[in-house]
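**Q** Sequence below, structure please.
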Amino acid sequence: MSRIGRLPIEIPAGVTIAVDGSAVSVKGPKGELTLQVASPIEVKVEEGQVLVTRPDDERESRSLHGLTRTLINNNIIGVTQGYSKGLEVVGTGYRVQQKGSSLEFALGFSHPVLVDPPAGITFAVEGNNKVTVSGIDKQAVGEAAANIRKIRKPEPYKGKGVRYAGEVVRRKAGKAGK
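**A** Numbering: from 1, shown residues only. The predicted structure is shown next:
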């Protein structure tokens, strides 16, 4: 039995969970998220807990058991606390500023780079080199942060670029002088 999948999920106060066939919708103070559960996995709400069960020990059922439980738990955390990911812009002349709801990056290109937030995602800028990506969907927050980082990844020689907050960039030695 999956160690993660068999754990019940406690439903916090202010959160309602509705199971309609294979769709699980989680509604809380910050919003609402829905999840389509894969076919062999069953989800039940009993006594303030969500239980995820699998009908057999097939390989696919075993792999989806823990995953489904974790995705439902992530949705519950998202609608109660939300998720956020920090980014840092490192480099001489590299900066970011907020233009309405979008971000404008100056990253050493010949033009500024505009980034519009996807649905359900908000950006916040601290100073001119820190960005916080936040929202209720963990996957969407991570993807939005990864797309921003992809614009100019940190390079290994000077460490310039956009990096996650707390990310350690492995540095390389440059060419040795004569």
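**Q** mind listing what's buried in the strand ranked longest in the chain?
**A** In the chain, ranked by residue count with DSSP state E as the criterion, the top strand is strand 83-90. Neighbour-count burial for strand 83-90, with 16 or more other Cβ atoms under 10 Å as criterion, is recorded at 83, 85-90. Where C-beta positions appear, they are placed from N, C-alpha and C, glycine not excepted.
**Q** Model confidence score at the closest residue to residue 81 other than its chain neighbours, please.
**A** Among residues not flanking residue 81 along the chain, residue 30 sits closest, at 7.8 Å (Cβ to Cβ, 6 or more residues apart in numbering). Predicted confidence (pLDDT) at residue 30: the value is 94.
**Q** Then residue 142?
**A** Residue 142 carries a pLDDT value of 97.
**Q** Make 745 the first number, not 1, from now on.
**A** Understood, numbering begins at 745; the last thing we discussed is residue 886.
**Q** Not counting sequence-adjacent ones, nearest residue to it?
**A** residue 829 (6.4 Å).
**Q** quick one: residue 777 and residue 883 touch, right?
**A** No - applying Cβ atoms under 8 Å as the test, residue 777 and residue 883 come out as separate, 10.2 Å apart.
**Q** who's more crowded, the two?
**A** The neighbour comparison of residue 777 against residue 883 (other Cβ atoms under 10 Å) goes to residue 777, with 22 against 12.
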